[in-house]
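> make a model of this:
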Amino acid sequence: MTTATPDAEIITPVDQAGVAAAIRASHDARQPIFSVGGRTSFDDVSVAPRASRLLDLTEMSQVVDYTPRDMTIVVEAGVCMADLAATLAAERQQLPIDEPCVAKATIGGVAATNWTGPRRLGCGTMRDYVIGIHAVDGRGVAFKGGGRVVKNVAGYDFCKLLTGSLGTLGVITRLALRVKPLPECFATVVADCPELAVAETILERLVRLDATPATVDLLVGSTWHETAGGSPDARPHPSALLAVRAEGTEAEVQWMAERVQYEFWQGGAAGAQRLSDSDADRLWSQQVEFADRGATSTHDQAALVIKVAVPPSAVTATIADLRLHDSTCTIQAHAASGIIVARLANFAGEDISRVLVGKLRPMAVHHGGSLVVLASQLEGLTPLIVWGGRTDATVLMERIKHQFDPHGILNPGRFVY
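Numbers count the residues shown, from 1 in each chain. You can find the predicted model right below:
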């Protein structure tokens with residue numbers, strides 16, 4: 001993880017006016033400024049080394065307004081995700097965004113990265129929950145979009161534009177969010193797939209279910225099997241472990257668990273079972289924390305962590321191709337959403353050009369998708385390598401960037417620009 005240099009100027013505003021003043025000063029001086037929260041994604045693959053000014057938003061950590069009956073909450077950007085979860089849980093509500101490192105991560109950072117974990121299938125993405133936003137652009141001018149009312153869609157959609165922009169269009173200072181009830185109960189059903197072809201067959205069956213599970217994860221690597229309660233000495237590790245999580249009322253969860261087990265059996269999987277609550281909790285924790293870009297002790301050591309987005313129909317073929325390049329890699333695929341996170345251990349500096357740029361990214365494009373680097377212990381990763389080459393979409397995004405940040409001072413190097 002990249003940390004602030006010893007001579008970095010750290011600015012800690014307590015309100016939006018302070019944010020605006022700091023950015024205005026950087027704009028006038030043509031000096032880059034980096035906005036940070038819990039720094040859980042402030043890593044060396046996407047942060048330029050010239051971060052002489054850091055705008056630390058963690059002091060802006062107030063719950064501005066919370067009306068449980070309206071199922072909306074307004075919070076400042078520096079609110080910790082764990083604190084937000086506790087506030088909502090007291091009213092039997094939740095923001096179902098499965099962010100790693102919730103004790104450090106802030107809601108502003110989660111929105112800026114548009115991070116969404118395993119439950120994106122059943123619960124949606126961060127963009128689905130942001131209904132109002134306050135921010136400051138690269139000239140130090142405050143602006144806002146959306147509002148407290150869920151149906152408020154008038155005007156330009158700043159909410160969707162800023163969510164996922166990595167702080168390069170504006171610094172988010174406040175968010176209005178819609179929330180959901182906590183589920184009554186949950187269940188996790190797993191099964192071994194001795195071949196990826198078996199997993200493909202079952203995935204095709206699962207998409208035809210009458211109801212949508214919270215998650216459908218295809219997990220590759222021995223640590224997944226062990227976490228899910230399997231015996232590593234009983235048999236060779238399967239090619240993949242399918243894990244389906246159901247959430248809802250007791251009746252809904254019971255129906256889904258039984259139906260998923262039936263589909264596993266019909267599709268040719270082995271050892272389909274509903275996990276005990278303790279095993280399910282342990283597996284869920286690993287699923288949520290798997291993509292933690294700073295993780296070194298709780299996951300397989302990885303020289304490179306990548307995220308591949310492909311059509312759901314190409315997930316198993318993409319996994320097969322990834323394993324050709326590193327047979328020991330550990331993979332988590334949100335299979336019904338087409339999102340694959342792979343931790344590659346057998347990867348060296350000389351592989352950046354030959355394998356990452358020359359093979360893996362073209363492979364993702366061949367399957368109709370894209371590839372970005374989430375984290376790396378390697379040197380020499382430029383933004384072009386991290387995000388990929390220029391496209392028509394990139395050119396359009398650069399035009400938008402110029403409108404919000406004409407001098408390019410906001411988080412330079414953090415995105416495709």
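
> convert the helix or strand bottoming out on mean pLDDT in the chain to CSV, retaining C-alpha atoms only.
In the chain, no helix or strand scores lower on mean pLDDT, DSSP states H and E than helix 222-227, which sits at a mean of 77. This file holds the C-alpha atoms of helix 222-227, laid out as CSV (Å, rounded to 0.1, in the frame of the first residue of the first chain):
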residue,chain,number,x,y,z
SER,A,222,-7.8,-25.0,-2.8
THR,A,223,-8.4,-22.4,0.0
TRP,A,224,-12.0,-22.0,-1.0
HIS,A,225,-12.7,-25.7,-0.6
GLU,A,226,-11.0,-25.8,2.8
THR,A,227,-12.9,-22.8,4.0
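
> does anything pack onto it? Which helices or strands?
Helices and strands touching helix 222-227, by 3 or more C-beta pairs under 8 Å, 6 or more residues apart in numbering; DSSP states H and E, are strand 240-248, helix 277-289, strand 330-334. For every residue, glycine as well, the C-beta is placed using N, CA and C.

> quick one: the first one to helix 277-289, angle?
The one in question is strand 240-248. Here strand 240-248 runs at an angle of 100 degrees relative to helix 277-289 (axes from the mean of the first three to the mean of the last three C-alpha atoms, to 10 degrees).

> sorry, back to before: winner for burial among the helices and strands packed on helix 222-227?
Neighbour counts (mean count of other C-beta atoms under 10 Å) averaged over each of the helices and strands packed on helix 222-227 peak at strand 240-248, with a mean of 26.

> tell me what L177 is bridged to.
I73, V130 (DSSP bridges).

> separation between the residue most central in space within the chain and A25?
Centroid-nearest residue in the chain, with C-alpha atoms, centre = their mean: W115, separated by 3.0 Å. Distance, W115 to A25, by C-beta to C-beta, to the nearest Å: 30 Å.

> again with T173
Going from T173 to A25 by C-beta to C-beta gives 17 Å.

> strands of the stretch 1-150 of the chain, start to end?
Along the stretch 1-150 of the chain, the stretches classed as strands by DSSP state E, counting those that start in this stretch are 9-11, 34-36, 53-56, 63-67, 72-76, 93-94, 130-137, 142-146.

> V341 is in contact with I306, isn't it?
Yes. Using C-beta atoms under 8 Å, V341 makes contact with I306 at a distance of 7.4 Å.

> any idea how many residues pack against H402?
By other C-beta atoms under 10 Å, the residues close to H402 number 13.

> show me how this protein divides into domains.
For the chain, automatic domain parsing gives the domain ranges 1-182+388-417, 185-289, 304-381.

> ok so, going back, overlap in contacts, V341 and I306.
Common neighbours of V341 and I306, counting by C-beta atoms under 8 Å, 6 or more residues apart in numbering, are L374.

> who's more crowded, those two?
Under the neighbour definition other C-beta under 10 Å, V341 and I306 were set side by side, and I306 has more, 24 against 17.

> confirm that one sits in a strand?
Yes. Per DSSP: H, G, I helix; E, B strand; the rest coil, I306 lies within a strand segment.

> identify the bridge partners of it.
A342, V373.

> separation between it and T116?
Taking C-beta to C-beta, one finds I306 at 17 Å from T116.

> tally of neighbours for T40?
Using other C-beta under 10 Å, T40 is surrounded by 25 other residues.

> and for K104?
With other C-beta under 10 Å as criterion, K104 counts 17.

> before we move on, what about G108?
Count around G108 with other C-beta under 10 Å applied: 29.

> let me see the contact set for the spatially closest residue to it that is not a sequence neighbour.
Leaving aside its sequence neighbours, G108 sits nearest to A77 (C-beta to C-beta, 6 or more residues apart in numbering; 2.8 Å). A77 is in contact with 37, 57, 60, 106-109, 111, 171-175, counting by C-beta under 8 Å, 6+ apart.

> can you count the residues close to A375?
25.

> what about the lengthiest helix in the chain, average pLDDT?
In the chain, assigned by DSSP state H, the helix with the most residues is helix 250-267. On average, the pLDDT along helix 250-267 is 96.

> list the buried residues in that helix.
E252, V253, M256, A257, R259, V260, Q261, E263, F264, G267 (16 or more other C-beta atoms under 10 Å).
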